[in-house]
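Undergrad: model the structure of this input:
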Amino acid sequence: MKMLRRLSLRQRLLLVVLLPAALLASAIAGLFVVRGTQAADDAMRDRGLAIVSFLAPAAEYGVISGNHGTLMSLIQAVLEQRDVAAVAIYDSAGELMAVSGRPRLAVTGRILATRRAEVLDHRDQRLTLAAPVMATPLAVDDLAASYVSSAARLAPVETGWVYVELDTRELDTAKRAILFTTLALTIGGLALTAVLATRLARAVTDPVVRLADAVSGMADGQLDISVPDDAAIGELRALQRGFNTMARSIATAHQTLQARVDEATAQLAHQALHDPLTGLPNRRAFEQALDEAVAASRRAGDQGALCFIDLDRFKIVNDTCGHAAGDELLRRIAKLLRQRVRADDLICRVGGDEFALILRGCSAEEALRIAEGLRETVAAYRFNWDGRRFSVGASVGLVRIDGGLDSASDVLVAADLACYAAKKGGRNRVIEHEHAMAPKRRQSDRNVLSDGPEGIPFAQLELYGQRIVGIGRQDCPPWHEVLLRIRDGGDTPMAPGDLLSRLGAGSSGLLLDQWVAERACVHLGSQQTVAGEPLSRLGLNVTQASLTHAHQYLDTLVGQLHRHAVEAQRLVLEIPAALAGQCPEETARFATLVREAGCALALERLDGNASSLLAELRPDYVKISLKTLADAYGLEAGCNLAQALCGMAAALSIRTIASEVEDELFREALPDYGFDYAQGLVIGAPAALSR
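TA: Numbers count the residues shown, from 1 in each chain. Below you'll find the model as predicted:
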């Protein structure tokens, strides 16, 4: 069947016509040859039997009388018959009485065993036959015959045998003639049939092949194609005309459709790269533009900046007045931002209430001035809806695009971290992330970053601890998370968001993480307390610097553990879920090294977008912020998502921590959601680690 599938239409038609004809002709020729040769053989055999049947009675007298001359005369008469090659006569004792010619196949035993005229052998171009010479006794005396039964009186007696060999060469020649004649007629008939079949197949297949080629050309886009309507068969000619009519219709329809497709494609292209709500370019357009900006900064030395803008208090409007109010607020904010940027800059909406601004050909000072102007514009705007008046702010993360970062993803991570630092540092502010120490900074920044190696003010740094308590379970003892604070002369220490964003993922950030790890081991080894409570376990926040330089960080950490005789399980290393999602390979390598060191691993600020990290990393703890989820998804949806994440963690035997618990309402609902621990201002405010 596979071979048949490979045949063309013409080959199949020829096969359909010629195969039955060949089979039929072969059968008829074979039958004719068999019947013809069999008839020739039968004629030769019958003639030989007739000769021996005639010769046996004629030789009776000569055999009985022993007259050799009579027998030879009789043999000579037989030899004159066509094809007779040899004749022999035997007496009753099997002795040869007369012979003429050269018998080749005579076997005396077989001749004497003959009881009637029959064929003895047929080989070596000879046909041998034999017949007995029978003598019938004569009744001489009627009286004597009366004493002998009539059956005995009439029984013949074998008095000798005759033997004849016929030459079959002429017979073989006749049979070959029959064979060759039949074969020639068969071949001639098949050749004629093949010629007719080929003409018929060409008349059918040539128009079909042209139609098939035209269809293939049409499939390849040649819509102005046609075939000649010259088929000899009326049905095929009608098919050719129908195809030409259809091709013209398709070409016309294609032109009309192509015009509509081009119009729709232009609309889809615009929709694919623009946000339908605000009309701003969307995240896809933003990522393309960011790739181009980063490539230009490395190739041509172009300078630019990326501002990551996250609206403050947007969820209040959305949850209080509904999605319609939130959508209208986003449209108005988008219009404000678009009016405040330069013509060459690109403002995009990249998420729910998140915007990104790519500043092209912009110095660091100009970028900071534009970012501050955007922040002030958003902060000064008042949104009115159904008699209510709302104010929002903007937390802005700024990172320069000057070739210092290797890829667009690195730039995006840096901007996200800077925006996160702005959020965590009190919102409605601009935080600049610096991947290399800049020669010019604001005066306050120079004061903070000039006191230590690598620009780290170690003399102004302090470690605080915030309590993490178990919720209704005996196997969840309390422990603390280490928080880094900076004293800059004021009464209240500040969060180090600005410092962390400036240090970035380089050696300075790694040095700061190693310093925090060393101080934490010192506190654990000396049994220090937080607000009078002993330190059973400490959680350390891990930045991108330690994630990138995992071996260096963990070598230092393990050395400090041994130096201060602290068990490794008393340290929990916390990785932000957003950072883990952006650096999956580094995170997986870091997690492996953490487990080899014997420390515990925690994921911080897990949301629905990073839930797959639970199964991939299998951390010991996961922190879920109800406040963050409620701000991102609304109160009801955020609480439902928190409960679902707790269920997933429980199925994987991962302990869950409710972080940023700042409301008694949330605190009372935590056991129902499935949390194991709780942390936040309601649980306990951060306090300095003390001796």
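
Undergrad: what residues of stretch 650-668 count as buried?
TA: Across stretch 650-668, burial judged by 16 or more other C-beta atoms under 10 Å covers 654-661, 666-667. Backbone N, C-alpha and C define where each C-beta goes, glycine included.

Undergrad: repeat that for stretch 669-684.
TA: Using 16+ other C-beta under 10 Å as the test for burial, stretch 669-684 gives 669-670, 673-680, 683-684.

Undergrad: end-to-end on it?
TA: 17 Å (C-alpha to C-alpha, to the nearest Å).

Undergrad: state the distance from the nearest residue to residue 570 once chain neighbours are set aside to residue 575.
TA: In space, and not counting its chain neighbours, residue 570 is closest to residue 537: 4.9 Å by C-beta to C-beta, 6 or more residues apart in numbering. Distance, residue 537 to residue 575, using C-beta to C-beta, to the nearest Å: 17 Å.

Undergrad: ditto for residue 269
TA: Counting by C-beta to C-beta, the gap from residue 269 to residue 575 is 39 Å.

Undergrad: which one of those two has more residues nearby?
TA: Counted by other C-beta atoms under 10 Å, residue 269 and residue 575 do not tie: residue 575 has more neighbours, with 27 against 10.

Undergrad: ok, the more buried one touching residue 587?
TA: Yes - between residue 575 and residue 587 there is a contact at 6.3 Å, judged by C-beta atoms under 8 Å.

Undergrad: give me the common contacts of these two.
TA: Residues touching both residue 575 and residue 587 (C-beta atoms under 8 Å, 6 or more residues apart in numbering) are residue 547.

Undergrad: which parts of stretch 372-386 are buried?
TA: 374-375, 378, 381, 383, 385.

Undergrad: which one of the residues you listed is nearest to residue 526?
TA: Closest approach between those and residue 526, by C-beta to C-beta: residue 375, at 44.0 Å.

Undergrad: in terms of helices and strands, where is the closest one?
TA: Element membership for residue 375 (DSSP states H and E) is helix 364-380.

Undergrad: which one among the buried residues of stretch 650-668 sits at the bottom for pLDDT?
TA: For the buried residues of stretch 650-668, the weakest pLDDT value sits at residue 666, with 69.

Undergrad: okay, and residue 614 sits in which element?
TA: Secondary structure (DSSP H and E) places residue 614 in helix 612-617.

Undergrad: also residue 132?
TA: Residue-wise, residue 132 maps onto strand 126-135 under DSSP H and E.

Undergrad: and if you look at residue 586?
TA: Element membership for residue 586, per DSSP H and E: helix 584-597.

Undergrad: for this structure, spot the helix or strand the model is least confident about on average.
TA: Within the chain, no helix or strand scores below helix 443-448, which has a mean of 37 by mean pLDDT, DSSP states H and E.

Undergrad: mind listing what's buried in whichever helix or strand comes after that one?
TA: For helix 443-448, the following helix or strand on the C-terminal side (DSSP H and E) is strand 461-470. For strand 461-470, the neighbour count (16+ other C-beta under 10 Å) marks 461, 463-468, 470 as buried.

Undergrad: ditto for stretch 246-264
TA: For stretch 246-264, by 16+ other C-beta under 10 Å, it's residue 247.

Undergrad: domain ranges for this structure?
TA: Following automatic domain parsing, one finds the domains of the chain at 1-136+157-222, 274-436, 453-691.

Undergrad: if I look at residue 573, how far off is residue 223?
TA: 65 Å.

Undergrad: comparing the two, which shows the higher neighbour count?
TA: residue 573 (26 against 16).

Undergrad: neighbouring contacts of the one helix or strand that one maps to?
TA: Secondary structure assignment for residue 573, by DSSP H and E: strand 571-576. Residues from elsewhere that reach strand 571-576, judged by C-beta under 8 Å, 6+ apart: 479, 481, 520-521, 524, 537-542, 547, 557, 561, 587, 590, 594, 599-605, 620-621, 623.

Undergrad: next: stretch 553-564.
TA: Taking C-beta under 8 Å, 6+ apart as the rule, stretch 553-564 contacts 510, 513-514, 517-518, 521-522, 524-526, 542, 545-546, 566-568, 571, 590, 593-594, 597, 599.

Undergrad: can you rerun that using 10 Å?
TA: 510-511, 513-515, 517-526, 540, 542-543, 545-547, 549, 566-568, 570-571, 573, 590, 593-594, 596-599 (C-beta atoms under 10 Å, 6 or more residues apart in numbering).

Undergrad: quick one, strands of the stretch 51-200 of the chain?
TA: 84-91, 96-101, 118-123, 126-135, 157-167 (DSSP state E, counting those that start in this stretch).

Undergrad: so which of the ones you listed gets nearest residue 416?
TA: strand 118-123 (105.5 Å).

Undergrad: OK, contacts around residue 649?
TA: Counting by C-beta under 10 Å, 6+ apart, residue 649 makes contact with 603, 606, 611, 614, 619, 621-622, 624, 655-657, 674-676.

Undergrad: swap the cut-off to 7 Å and go again
TA: With contact taken as C-beta atoms under 7 Å, 6 or more residues apart in numbering, residue 649 is in contact with 614, 622, 656.
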